[in-house]
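> Below are the sequence and a predicted model; questions follow.
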Amino acid sequence: MRVITINEIVRRADHAFAGLSRRQADLARYERTITQVYRTNVAEDLAYQRTFNGLYGVRRNADWRQEFYRIFELQKSVPTPQFRDIVQQIFESTGRVEASFASKLMATLDPQNAVYDAIVRSNLDLPARTNAGHARIEAAVSDYEAIQAHLNALVRSDAFPILRQRFNNELPGFISFTDIKVLDLMIWQLR
């Protein structure tokens, strides 16, 4: 099993930063989703939804999006949203296990949370999941917990402050991003 290490991220940092420099418009969209989430009703604010949809590639039909943003708005009032609960609610409302979108919802509400997507999964060597229904939810929860734990460990490493300082120097407009988000963005660029 090959899991990305902090040393590999450091070794490939030039590539990651070059990619992030080209994606500053996406970084700005991400920042807007974070700063506006508690200032608007995401279930009704179509401009917010368009920004989120564009940033995260939400290409589901209108009924799915309506349910997703309804759940998103409800989760804003939950003191500590839980990945399992969000995945379960999306599944019950849409019939789909949407681990990636559930994690993006969580990471928007609390940027200390990791994002679960195909690129991060690949870089953390997590297997493809083919289970169905509730078994797939359990697999997604297990994977999400592994992603969060791994990113938390990488952030605590001795080498991370060097990467963080470089991020702040090269992308000074985004120094408000959390350490987890910075690491997530760097891993996302290592394709």
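Happy to help now that I have it.

> isn't residue 109 right next to residue 42, touching?
No: here residue 109 lies out of contact with residue 42, judged by Cβ atoms under 8 Å, at a distance of 9.9 Å. The C-beta positions use only the backbone N, C-alpha and C, and glycine is treated the same way.

> list residues touching both of these two?
Counting by Cβ atoms under 8 Å, 6 or more residues apart in numbering, the shared contacts of residue 109 and residue 42 are residue 76.

> And the two? Which one has more around it.
residue 42 (26 against 20; other Cβ atoms under 10 Å).

> separation between that one and residue 138?
Look at residue 42 and residue 138: by Cβ to Cβ, to the nearest Å, they are 28 Å apart.

> same deal with residue 44?
Taking Cβ to Cβ, one finds residue 44 at 33 Å from residue 138.

> Kindly report the same for residue 71.
Going from residue 71 to residue 138 by Cβ to Cβ gives 19 Å.

> same check, this time on residue 18
38 Å.

> of these two, who's got more company?
More crowded of residue 18 and residue 138, by other Cβ under 10 Å: residue 138, with 15 against 12.

> Can you name the residues that contact that one?
Counting by Cβ under 8 Å, 6+ apart, residue 138 has contacts residue 131.

> May I see the buried residues of the lengthiest helix in the chain?
Counting by DSSP state H, the longest helix found in the chain is helix 133-155. Across helix 133-155, burial judged by 16 or more other Cβ atoms under 10 Å covers 136-137, 139-141, 143-144, 146-148, 150-151, 154-155.

> again with stretch 109-116
Going by neighbour count (16+ other Cβ under 10 Å), the buried part of stretch 109-116 is 109, 111, 113-116.

> so what does the helix or strand bottoming out on mean pLDDT in the chain touch, helix or strand wise?
Ranked by mean pLDDT, DSSP states H and E, the helix or strand of the chain with the weakest confidence is helix 118-123, at a mean of 83. For helix 118-123, the elements it packs on are helix 133-155, helix 179-189, judged by 3 or more Cβ pairs under 8 Å, 6 or more residues apart in numbering; DSSP states H and E.
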